[in-house]
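> Coordinates for the following, if possible.
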Amino acid sequence: MSNGAYRALHDRSSADPAGFWAEAAQGVDWIRPPKTGLDDSRPPFYRWFSDGTLNTCYNALDRHVIAGRADQAALHYESPVTGTSRSYTYAELLEKVAKFAGVLRTLGVEKGDRVVIYMPMVPEAVIAMLATARLGAIHSVVFGGFAPAELAARIEDAVPKVVVAASCGIEPSRTVPYKPFLDQAIDRSSHKPERCVILQREQVTAEMTERDVDWVEMMKSDAIQPAECVEVAATDPLYVLYTSGTTGKPKGIVRDNGGHAVALTWSMPNLYGIRPGEVFWTASDVGWVVGHSYIVYAPLLAGATTIVYEGKPVGTPDAGAFWRVVEKYEVVSLFTAPTAIRAIKKEDPNAEELKKYDVSSLRRLFLAGERLDPETYKWASEVLGIPVIDNWWQTETGWPIATNPVGIEELPIKPGSPTVPTPGYDVQVLDEQGQQVPPGAEGSIAIKLPMPPGTLPTLWNDDDRYVSSYLSAYDGYYLTGDGGYIDEDGYVYVMGRTDDVLNVAGHRLSTGSIEAAIAGHPAVAECAVIGVADQMKGQIPRAFVVLKSGSGIETEEDTERLGKELVQRVRDEVGAVAALKLVDVVVALPKTRSGKILRKTMRQIADGQEAMVPSTIEDPSVLDTLRPVLRKD
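Numbers count the residues shown, from 1 in each chain. As a prediction, this is how the structure comes out:
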């Protein structure tokens with residue numbers, strides 16, 4: 001296996017991280033260039049480029065207009081749920097962002113203030129984020145349609161001066177009014193924002209209060225002047241993004257301006273192989289970290305063109321939705337979640353919809369957000385005929401921990417692995433004593449400190465929780481919370497969260513390996529395996545499968561036969577020790593909005609415990625229909 005270019009770069013990033021990232025920092029336009037790369041004076045609170053100053057919005061927009069990209073498309077908006085589309089050049093987007101920054105400034109927003117953004121996938125969400133950054137303020141995006149209690153918790157913690165919201169979000173089968181949720185959230189919160197800017201959408205018009213101002217009216221006002229970029233320190237926060245916490249209180253992941261700009265600017269050509277002017281489409285949501293990093297910031301920092309897509313992979317209108325957008329905008333790379341591809345595969349297993357479109361512009365498909373099972377990888381590879389590249393990272397890291405670094409060197413793909421650690425990340429697999437395990441042995445995946453630029457420096461107003469949540473398990477390491485192994489070639493295999501490891505009669509088995517065996521069956525669209533309590537063996541696995549359309553499994557006898565075939569597949573591929581006996585066919589699996597299957601919640605219900613249902617659940621009714629199945633012996 002040839003990985004000379006990648007290996008040399010990774011070795012250099014490990015041997016001299018300060019020098020490596022100082023060189024990468026030259027890809028960013030600084031107001032005061034940093035003389036210091038890594039500030040390690042206060043471990044474990046490492047900081048990057050601490051004496052540098054810049055503005056992230058300037059790097060995403062102004063510098064490209066100055067450099068001659070004014071007329072290049074910066075953002076395409078494609079909304080099958082409303083039947084509309086719109087494109088913005090870099091000059092147009094800059095004009096909108098500068099004006100909305102002027103609106104926020106008129107409402108009292110200054111450097112360091114927080115702005116909560118509660119919007120669907122519309123261009124105004126991106127404009128609000130960039131406008132906040134332009135002022136040196138800190139945005140906190142909350143997924144549009146989040147329940148009032150969850151929105152209230154984030155308002156309480158972030159203490160925003162202004163909230164920016166839309167009147168509604170639009171789903172394939174319904175319209176979700178946002179304004180009543182926002183009003184309830186503010187009622188619940190002890191902190192009251194001074195103003196709310198409301199984008200009125202024609203599908204639902206929000207009722208306005210004295211606190212509210214209209215987006216369109218404010219943007220039309222001649223009295224409001226566009227705002228210039230405000231200089232901030234590299235270590236000043238750009239945004240706070242909340243992720244679910246085990247205590248029920250959400251954790252505010254902090255992203256700083258300097259490290260974030262350097263890491264994401266570097267990642268586009270090196271990890272994704274994207275050049276300025278090319279169209280890079282991340283089919284996610286700005287409410288998630290993938291949307292922050294690879295819908296909004298990275299493509300614009302790199303001078304590429306991004307797409308804001310208000311729709312679904314299926315049902316808006318059909319399983320050819322993604323391929324239509326790829327053809328229309330000549331997308332060179334599509335980045336989405338494995339769940340989206342599984343949904344397309346379930347609806348269109350023979351890829352008939354794909355044949356209707358010219359997707360020859362597409363060079364690569366990138367997948368992240370959950371484990372890419374080998375069966376989904378195989379299907380996508382076969383129907384598209386291009387490299388399908390898994391990448392593994394977290395809200396906390398903000399950009400990939402492991403991927404195939406195609407811009408440095410395109411390495412051979414191994415199904416089931418996101419390939420190799422990204423330069424800057426020293427990834428190790430540790431046992432319970434904190435010792436490195438040999439190649440091929442499973443353990444806890446950890447990252448040796450310091451982590452590279454762009455990763456979280458701490459949690460919002462909670463250094464103690466940052467240390468206890470991530471740094472206390474192994475001294476000098478960040479604990480990812482994922483289990484897996486690294487093979488002899490240095491490829492990383494992420495087998496699932498460490499609490500998804502089964503202990504069957506003393507044997508540790510990952511749910512990922514069992515799921516991979518089940519997913520290989522031609523009738524299975526997707527599956528989830530959980531470990532449930534068993535008096536004899538401690539835990540035993542239970543499998544829940546969703547069938548493909550036209551699978552041919554229709555009768556009770558068919559289902560019984562399928563169950564036996566799946567049990568045998570697991571026995572053949574994982575071993576008899578897996579002891580799989582229980583297989584249930586279900587209509588759908590409960591998931592978060594970003595596509596993660598709620599295995600822990602399923603396990604708690606099956607074991608008769610009080611289930612922790614995260615606020616990010618996509619459709620609570622799926623869990624309700626599954627409860628009787630989970631509770632049966």
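> Could you use CA atoms for every contact and neighbour count after this?
OK.
> Tell me where the model's unsure across the protein.
1-3, 244-248, 499-501, 503, 505-508, 510, 535-537, 576, 632-633 (pLDDT under 70).
> Tell me the secondary structure at the residue of it positioned farthest from its centre.
The C-alpha centroid of the chain is most remote from E557, which lies 40.3 Å away (C-alpha atoms, centre = their mean). Secondary structure, DSSP: H, G, I helix; E, B strand; the rest coil: E557 is helix.
> so how far is G563 from it?
10 Å (C-alpha to C-alpha, to the nearest Å).
> Over to A67?
61 Å.
> quick one: the residue farthest from the centre of the chain from C57, how far?
Taking C-alpha to C-alpha, one finds E557 at 60 Å from C57.
> Apart from its neighbours in sequence, what residue is nearest I486?
With C-alpha to C-alpha, 6 or more residues apart in numbering as the criterion, I486 has its nearest non-adjacent residue at 4.5 Å, and that residue is V492.
> Over to Y88?
Nearest to Y88 is L75, by C-alpha to C-alpha, 6+ apart, at 5.3 Å.
> And S284, by the same measure?
Spatial nearest neighbour of S284, chain neighbours left out: G291 (5.7 Å); criterion: C-alpha to C-alpha, 6+ apart.
> What segments of the stretch 51-200 of the chain are helices?
56-57, 63-64, 90-106, 123-134, 148-158, 179-188 (DSSP state H, counting those that start in this stretch).
> returning to that earlier point: got the contact list for the residue farthest from the centre of the chain?
Residues near E557 by C-alpha atoms under 8 Å, 6 or more residues apart in numbering: none.
> repeat for S190
Contacts of S190 (C-alpha under 8 Å, 6+ apart): E156.
> can you give me the strands for the stretch 301-450 of the chain?
Under the criterion DSSP state E, counting those that start in this stretch, the stretch 301-450 of the chain carries strands at the ranges 305-309, 333-336, 364-367, 388-390, 402-403, 420-421, 427-430, 443-448.
> Kindly format the C-alpha coordinates of the third one as PDB.
Okay, so that is strand 364-367. Output in PDB follows, covering the C-alpha atoms of strand 364-367 (Å, rounded to 0.1, in the frame of the first residue of the first chain):
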ATOM      1  CA  ARG A 364     -16.800  11.600  -4.900                       C
ATOM      2  CA  LEU A 365     -19.500  10.800  -2.300                       C
ATOM      3  CA  PHE A 366     -18.500  11.600   1.300                       C
ATOM      4  CA  LEU A 367     -20.500  10.100   4.200                       C
END
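> For it, name the packing helices and strands.
strand 333-336, strand 388-390 (3 or more C-alpha pairs under 8 Å, 6 or more residues apart in numbering; DSSP states H and E).
> Quick check: which of those is nearest to P590?
Smallest distance to P590 across those (C-alpha to C-alpha): 18.7 Å, for strand 333-336.
> Packing partners of that closest one?
On a contact count with 3+ C-alpha pairs under 8 Å, 6+ apart, strand 333-336 meets strand 279-282, strand 364-367.
> higher neighbour count, A67 and G563?
G563 (21 against 9; other C-alpha atoms under 10 Å).
> ok, now which ones touch that one?
Going by C-alpha under 8 Å, 6+ apart, G563 touches 582-584.
> these two touch, right, A131 and E95?
No. Counting by C-alpha atoms under 8 Å, A131 stays clear of E95, with 10.4 Å between them.
> Compare neighbour counts for those two and give me the winner.
Set A131 next to E95 and count neighbours by other C-alpha under 10 Å: A131 wins out with 28 against 17.
> nearest spatial neighbour of that one, skipping sequence neighbours?
Among residues not flanking A131 along the chain, A101 sits closest, at 4.5 Å (C-alpha to C-alpha, 6+ apart).
> what's the distance between that neighbour and E110?
Distance from A101 to E110, by C-alpha to C-alpha: 10 Å.
> shared neighbours of these two, anything?
Listed as contacting both A101 and E110 by C-alpha under 8 Å, 6+ apart are L135.
> more crowded one of these two?
When neighbours are counted by other C-alpha under 10 Å, A101 and E110 differ, and A101 comes out ahead with 30 against 17.
> I figured that one hits A227, correct?
Yes. Using C-alpha under 8 Å as the test, A101 is close enough to A227 to be in contact (5.5 Å).
> which residues do those two both contact?
With C-alpha under 8 Å, 6+ apart as the test, A101 and A227 both reach 134-135.
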